[in-house]
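Enquirer: Fold the following.
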Amino acid sequence: MAPEERCAALHGKYELGRLLGHGTFAKVYHARNVQNGKNVAIKVVGKEKVIKVGMMEQIKREISIMKMVKNMNIVELHEVMASKTKIYFAMEYVKGGELFAKIAKGRLREDVARGYFQQLISAIDFCHSRGVYHRDLKPENLLLDDAGNLKVTDFGLSAFTDHLRQDGLLHTTCGTPAYVAPEVIGKKGYDGSKADIWSCGVILYVLLAGFLPFQDENIMAMYKKIYRGDFKCPPWFSSESRKLIMKMLEPNPNSRITASKIMDSSWFKKSVPKTLRHREEEEEFGLASEKVKEVETMNAFHIISLSEGFDLSPLFEEKKRDEKDQMRFATTRSASSVISKLEEVAKTRNFSVKKSDSSVRLQGQEIGRKGKLGIAADIFAITNSFVVVEVNKASGDTLEYNQFCSKELRPALKDIVWTTTK
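Expert: Numbering: from 1, shown residues only. Here you go, the predicted model:
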C-alpha cells in the first residue's frame with residue numbers, strides 16, 4: 001500500500017495489514033483497531049475513479065444503506081472516513097471467508113444448507129422491512145464468521161424504496177446473470193423484494209445441488225431458461241425442499257412465494273436456531289424496535305461531522321440540500337434544557353408532545369399537503385456538558401417541515417446552539 005493511503009486510512013485509529021481482496025474500484029485490507037485491539041476490514045475506495053465513471057451516488061447509497069441495516073446476519077459498517085483522494089469503510093471483519101468456497105468443494109448436507117438459508121432469509125426479510133433491496137445476492141456475497149454464522153455483504157448494487165418510479169417498481173438491470181430474476185432481465189420494471197427472493201431460490205438450489213439451476217455456455221440461451229423457469233431438481237432433493245425451490249423460482253413474480261411464507265414453510269421451520277426464534281419473538285411483541293432508549297453516546301467521527309469544514313454528509317445523503325428532512329446541532333446545555341426548549345416551540349404551534357429522557361416527539365394537529373406534520377428529536381450525550389441533537393421529519397410534507405425548521409425551530413433554538421469562532 002502507498003504511504004499516503006496507509007496514513008490516510010489510519011486516522012490514528014486503525015493499523016492496516018494484509019490485502020484481503022480487491023475489485024475495480026476498491027481494495028479491502030485487514031486492519032486492527034489500535035484503541036481496542038479488535039480486527040476490522042477496511043475497504044478503500046479511490047474518489048477519482050468513482051467520480052470518473054459516475055459512481056459516487058452508488059457509493060453514497062451503499063453507505064446510507066449499511067447504516068440502516070444493522071442485523072446479526074449482515075456485515076456491519078462501523079464508520080466511514082475520508083481524505084482528499086480516498087473513502088474508507090471500516091467494517092466488521094468476517095474471518096471465515098465466502099460461502100462460495102464451501103460450495104466449490106461440493107454440495108452441502110440438507111441440514112447444513114437449511115441453517116445457512118435460514119440466516120439468509122432472516123437477513124433479507126430484515127432488509128425488505130426497511131425498504132432495502134440487495135439486488136446482487138450470490139454465494140460470493142455471503143460470508144461466514146469463525147463460528148459459521150452467515151453474513152450478507154456488498155450492498156453496492158442495492159436500492160431504497162425511494163428509488164421506485166411512479167409505477168412502484170425498480171428499473172435498473174443489475175446483478176449476476178445466473179442469479180438474476182427473469183423480470184429484471186425483461187427491463188419492464190420489477191419489485192426488488194421479489195427479485196431478491198428469486199436469487200435466494202437460486203442460492204438454495206446451489207447449496208443443495210452443488211451446481212446452478214440455469215446453465216448454458218450461451219448467455220442468451222441461459223436467459224431463455226431463466227424466463228421459462230426451465231430447471232430440474234436432482235433426485236437427492238427432499239420433496240419439501242423441492243416444493244420450496246419451485247415456489248421461489250417461479251418466473252411470474254406475482255405468483256412467487258414471499259419471505260414470510262418461506263419462513264412459515266415446514267422445511268424452513270425445521271431446527272430454527274434459537275437466535276432466529278428469539279428475534280422473531282421480539283419483533284412479534286414490538287420489543288426489537290421499541291426498547292427503552294437511554295441517552296446515547298456518539299463517537300468523535302460524529303462530532304467532527306458537525307463542523308462545516310469536516311462535513312461528510314454528502315457521503316450519507318441522497319437528497320439535495322434544499323430537500324433535507326434532518327437537522328443536527330450541538331449544545332452545551334443539558335438534555336432537559338433542550339427538551340424544555342422544544343416544548344416551548346410546540347406550544348406556539350399547538351403541537352402535542354411526547355417525551356423521554358433522550359427524545360421528544362412533536363405532532364402537529366393541522367392537516368397539511370401530506371397529512372399532519374410530525375417532528376422527532378433525539379438527544380445524544382457526548383459528555384456531561386456537551387449534547388448533540390438530531391431533528392428529523394417523522395411524518396408530513398418535507399417542504400412544510402423545512403419551512404417550520406427555518407422560520408420557527410432554528411430561531412427558537414438560536415441561543416442554545418453551540419458555535420465555534422473561525
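Enquirer: Show me the helices in the stretch 201-350 of the chain, by range?
Expert: Taking DSSP state H, counting those that start in this stretch as the criterion, the stretch 201-350 of the chain carries its helices at 219-228, 239-248, 259-263, 266-269, 274-284, 300-306, 335-348.
Enquirer: Going by mean pLDDT, which of those helices comes out lowest?
Expert: Among the helices of the stretch 201-350 of the chain, helix 300-306 carries the lowest mean pLDDT, at a mean of 43.
Enquirer: Tell me where the longest strand sits in this structure.
Expert: Longest strand in the chain, counting residues (DSSP state E): strand 371-383.
Enquirer: quick check: domain ranges of this protein?
Expert: Using automatic domain parsing, the domain ranges for the chain come out as 3-92, 99-284, 300-413.
Enquirer: Present those domains as JSON lines; the columns should include mean neighbour count.
Expert: For every residue, glycine as well, the C-beta is placed using N, CA and C. As requested, the domains of the chain are exported to JSON lines (neighbours: other C-beta atoms under 10 Å):
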{"stretch": "domain 3-92", "mean neighbour count": "16"}
{"stretch": "domain 99-284", "mean neighbour count": "17"}
{"stretch": "domain 300-413", "mean neighbour count": "16"}
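Enquirer: Any idea which of the ones you listed has the lowest pLDDT on average?
Expert: Note on the domains of the chain: domain 300-413 shows the lowest mean pLDDT, a mean of 74.
Enquirer: The stretch 51-200 of the chain: helices as residue ranges?
Expert: All helices of the stretch 51-200 of the chain, identified by DSSP H, counting those that start in this stretch, fall at 56-68, 99-103, 110-129, 182-186, 192-209.
Enquirer: ok, back up a step: out of the helices of the stretch 201-350 of the chain, which gets nearest to residue 61?
Expert: Nearest to residue 61, of all those, is helix 300-306, at 18.3 Å by C-beta to C-beta.
Enquirer: Now residue 140: closest residue in space that isn't a chain neighbour?
Expert: On the basis of C-beta to C-beta, 6 or more residues apart in numbering, the spatially nearest residue to residue 140 that is not a chain neighbour turns out to be residue 100, at 4.8 Å.
Enquirer: likewise residue 267?
Expert: Once flanking residues are discounted, residue 267 sits nearest to residue 240: 3.9 Å by C-beta to C-beta, 6+ apart.
Enquirer: wait, which of the helices of the stretch 51-200 of the chain is closest to residue 224?
Expert: Of all these, helix 182-186 comes closest under C-beta to C-beta, at 9.8 Å.
Enquirer: List the contacts of the residue nearest to residue 140.
Expert: Residues in contact with residue 100 (C-beta atoms under 8 Å, 6 or more residues apart in numbering) are 138, 139, 140, 142.
Enquirer: Residue 41 in helix, strand or coil?
Expert: strand (DSSP: H, G, I helix; E, B strand; the rest coil).
Enquirer: Pretty sure it sits against residue 33.
Expert: No. Between residue 41 and residue 33 there is no contact under C-beta atoms under 8 Å: 11.3 Å.
Enquirer: Of the contacts of residue 100, which belong to strands?
Expert: Members of the contacts of residue 100 lying in strands (criterion: DSSP E): residue 142.
Enquirer: From the contacts of residue 100, pick the one nearest residue 47.
Expert: residue 140 (25.6 Å).
Enquirer: Please determine how far that closest one is located from residue 130.
Expert: For residue 140, the distance to residue 130 equals 24 Å [C-beta to C-beta, to the nearest Å].
Enquirer: Also residue 186?
Expert: Distance from residue 186 to residue 130, by C-beta to C-beta: 26 Å.
Enquirer: go on, residue 238?
Expert: From residue 238 over to residue 130 (counting by C-beta to C-beta), the distance is 33 Å.
Enquirer: Now that we're looking at residue 420, what pLDDT does it have?
Expert: Model confidence at residue 420, given as pLDDT, is 43.
Enquirer: what separates the longest strand of the chain from the chain centre, distance-wise?
Expert: For strand 371-383, the separation from the chain centroid amounts to 21 Å (computed by C-alpha atoms, centre = their mean, to the nearest Å).
Enquirer: From the contact counts, what lies against it?
Expert: In terms of contacts (3 or more C-beta pairs under 8 Å, 6 or more residues apart in numbering; DSSP states H and E), strand 371-383 is packed against helix 335-348, strand 359-368, strand 386-395, helix 398-404.
Enquirer: How far off centre is whichever helix or strand comes after the last one?
Expert: Pointing back at helix 398-404 there. Moving toward the C-terminus from helix 398-404, the next helix or strand (DSSP states H and E) is helix 410-413. Mean C-alpha position of helix 410-413 versus that of the full chain (C-alpha atoms, centre = their mean) differs by 33 Å.
Enquirer: related to what we said a few turns ago, let me know which of the helices of the stretch 201-350 of the chain is the nearest to residue 372.
Expert: With C-beta to C-beta as the criterion, residue 372 lies closest to helix 335-348 of those, at 13.4 Å.
Enquirer: Can you spell out which helices and strands pack onto the helix or strand following the closest one?
Expert: Helices and strands here follow DSSP H and E; after helix 335-348, the next one along the chain is strand 352-355. Judged by 3+ C-beta pairs under 8 Å, 6+ apart, the packing partners of strand 352-355 are helix 335-348, strand 359-368.
Enquirer: give me every residue that touches the nearest residue to residue 67 once chain neighbours are set aside.
Expert: Here the nearest residue to residue 67 in space, its sequence neighbours aside, is residue 77; by C-beta to C-beta, 6+ apart that works out to 6.3 Å. Contacts for residue 77 (C-beta under 8 Å, 6+ apart) come out as 63, 66, 67, 89, 90, 91, 92.
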